[in-house]
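Q: 3D model of this:
(2 chains)
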Protein chains: 2
Amino acid sequence: MSVLGGGVIGLSIAWRVAASGCAVTVFDDECRTGGSWVAGGMLAPVTESWPGEEELLDLGSRSLARWPSFARELGDVGLRAEGTLAVALDSADVGVLDVLADHLRGLGREADRLTGRELRALEPGLGPRVRGGLSVPGDLALDNRKLLSALRKACAAEGVVVEPRRATVSTVDADVVVIAAGAWSGELHPALAPVIRPVKGEILRLAGRRGALPPPTRTIRAHVEGRPVYLVPRDGGLVVGATQYDSGFDAAVTVGGVRDLLRDAEVVLPGIAEYELVEAAAGFRAGSPDNLPVIRWLEPGVLAATGHHRNGLLLAPITADVVLTLLREGGTR
Amino acid sequence: MSVLGGGVIGLSIAWRVAASGCAVTVFDDECRTGGSWVAGGMLAPVTESWPGEEELLDLGSRSLARWPSFARELGDVGLRAEGTLAVALDSADVGVLDVLADHLRGLGREADRLTGRELRALEPGLGPRVRGGLSVPGDLALDNRKLLSALRKACAAEGVVVEPRRATVSTVDADVVVIAAGAWSGELHPALAPVIRPVKGEILRLAGRRGALPPPTRTIRAHVEGRPVYLVPRDGGLVVGATQYDSGFDAAVTVGGVRDLLRDAEVVLPGIAEYELVEAAAGFRAGSPDNLPVIRWLEPGVLAATGHHRNGLLLAPITADVVLTLLREGGTR
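A: From the prediction side, this is the model:
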């Protein structure tokens, strides 16, 4: 089998398929604008959920349930289970959190409302403009770059060969080709061209400094002036994401994007003004029309595993399982 | 002769001294937090001038006069002669520009007051909050990184040897040692230790993008909420600087510094929101108590050429000339 794409989806599939006894080759040019490299690292089906996207919540929840054992097999991927605080800055935000809380309770899930004071007791760094929030247990976070290197090691241990270049369906010689090229998948098969689009995102990596407040222990999410922002603790610092643009494959980190991320993150956690800005990066999510991934046979011998949009890391374990099942069934559709 | 430091000051001295017939070795570890590498590239004695700093204005003006021929000998250093606009956002800023205009006129120099409308006729990208300004002819700007590489070539052509490592006065074997190590000079001689201090500065490099407004043709300077900001055109983009901290040799680019630079630059030129943020860097100016450089014999055989603070690029030609004179006089004090 050949896998086009060595991001988290491609490597997860390669690892699992190789472990089942097949010879697997991965083609990948280690592109630093791939979603897996730039990602924030949240495994957050619950806090990402919204009325109307129950199918995605269901899929995400089933994949999240697989993550602890998936991660255990991989070794150190920086898994964190401290959960998420969704915080509100104004009454409109409070209204949004009300909708989310009702939605989650309707699905039988926990979602505890907290006052500003209760939030600051949990995370003392939260700014004075934070006036309420929702504690959402269950979501996980991990270090996407540790995950990539752990997956590469796991693949190597199962004999997967990684060719350090891009390939196409017609240039590889294999019984089965899996298209797992994220945002670029649309360029690799006519059936994906109208379905998969690049959704650009910018993200910042911050490091704590001597004398600065320590980062929070939980992932913090907020809307600031209508813009979503998240802050994921990472190795004494934070990952702050993410902007979202439908603007093709332009990978420029923009002044406006960085300005918004810094401003919004500082509203939530003012103490980060003293942090070091270590990296500002842009990457491409693989957008799909319904935000659901495309995991199916496109034609005999050609399988798609793409379109994971904001949920590639989360959905990696279930995607690998679905691909294994499709391969075992041996069908082509 | 040995020169400790291969920034703009050290290389200018090495070049000129080698051209006069001496054998010269430069010791330099190509540190990317040196002032020469991080600098904005303004040669701006006039717009930087202020009542009480007449000596610096005089020194700067004499060095500026040397720059056109200095640059011609070096080749392409990206020299620009479009001048500077100092702009005001509020009545306090207008007051500051009044002081500067009176000061300059008192010194017999040009300084034309312009309305917001007149400014926007010259530079259409200026934002609506810009309400007046001062056109200051005469100041130059250049590309500091082109300058560094042109100086390295000029040195090589004169037979200067560059040793890619740091050295100290006692570890080099030379009749004369010149300390031109910028902010680090204080570590190299007891007479400099109490005089030279690192003054950290952060700077951004932006690139224009398709569809974005072109950068201005002139250097733009402003104060935003009391913070000075300058925008220097550079190769289809801009350099935006600079923060200023007395905080030792901590080279972290901070969230607060980048946020201020982006925010202040956007007030002046709102169209840069669409620009690419190519680089955020921190470096160290060589601060001195009176903002004047220290160019003198420290002891027999040991010369200092440091303490250039914000004016290293500007003062490079005159510094080299002063050093040549000191060497010719052959004295030690």
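Q: Just the buried residues of the helix or strand of chain A with the lowest mean pLDDT, please?
A: One helix or strand of chain A scores below all others by mean pLDDT, DSSP states H and E: helix A:91-106, with a mean of 87. Neighbour-count burial for helix A:91-106, with 16 or more other CB atoms under 10 Å in any protein chain shown as criterion, is recorded at A:93-94, A:96-97, A:100-101, A:103-104. C-betas here are computed from N, CA, C, even on glycine.
Q: List of residues touching that helix?
A: A:46-47, A:49-51, A:86-88, A:110-111, A:113, A:131-134, A:136, A:222-223 (CB atoms under 8 Å, 6 or more residues apart in numbering or on different chains).
Q: Residue A:134 pairs with what?
A: Going by DSSP bridges, residue A:134 is paired in beta bridges with residue A:86, residue A:113.
Q: filter the contacts of helix A:91-106 to the buried ones?
A: Using 16+ other CB under 10 Å, the buried ones in the contacts of helix A:91-106 are A:46-47, A:49, A:86-88, A:111, A:131-134, A:136, A:222-223.
Q: Take these and keep only those in strands.
A: Under the assignment DSSP state E, the buried ones among the contacts of helix A:91-106 contribute A:86-88, A:132-134, A:136, A:222-223 to strands.
Q: coming back round to it: relative to chain B, which of the buried residues of helix A:91-106 is nearest.
A: Each of the buried residues of helix A:91-106 was scored against chain B by CB to the nearest CB, and residue A:93 proved nearest at 22.0 Å.
Q: Can you give me the neighbour number for the residue of the stretch 51-200 of chain A found nearest chain B?
A: Nearest residue of the stretch 51-200 of chain A to chain B: residue A:200, at 12.4 Å (CB to the nearest CB). Here the number of neighbours of residue A:200 (other CB atoms under 10 Å in any protein chain shown) works out to 26.
Q: next one: residue A:316
A: Per other CB under 10 Å, the neighbour tally for residue A:316 reads 29.
Q: what do you get for the one 5 residues further on?
A: Other residues lying near residue A:321 total 18 when counted by other CB under 10 Å.
Q: which residues touch it?
A: Contacts were defined as CB under 8 Å, 6+ apart; by that measure residue A:321 touches A:16, A:66.
Q: mind checking pLDDT for it?
A: The per-residue pLDDT reported for residue A:321 equals 97.
Q: What of residue A:246?
A: 93.
Q: I figured it hits residue A:284, correct?
A: No - at 10.6 Å, residue A:246 and residue A:284 do not qualify as touching, with contact defined as CB atoms under 8 Å.
Q: Up against chain B, what does chain A have?
A: Within chain A, the residues that sit near chain B (CB under 8 Å from any CB of the partner chain) are A:206-207, A:209, A:250, A:252-256, A:258-259, A:262-263, A:265-266, A:272-277, A:280.
Q: Quick check on the residues you listed: which are buried?
A: By neighbour count, with 16+ other CB under 10 Å, the residues of chain A next to chain B hold A:206-207, A:209, A:252-256, A:258-259, A:262-263, A:265-266, A:272-277, A:280 as buried.
Q: from the chain's centre, how far out does the helix or strand containing residue A:204 sit?
A: Assigned by DSSP states H and E, residue A:204 belongs to strand A:197-207. Distance, stretch centre to chain centre, for strand A:197-207: 11 Å (CA atoms, centre = their mean, to the nearest Å).
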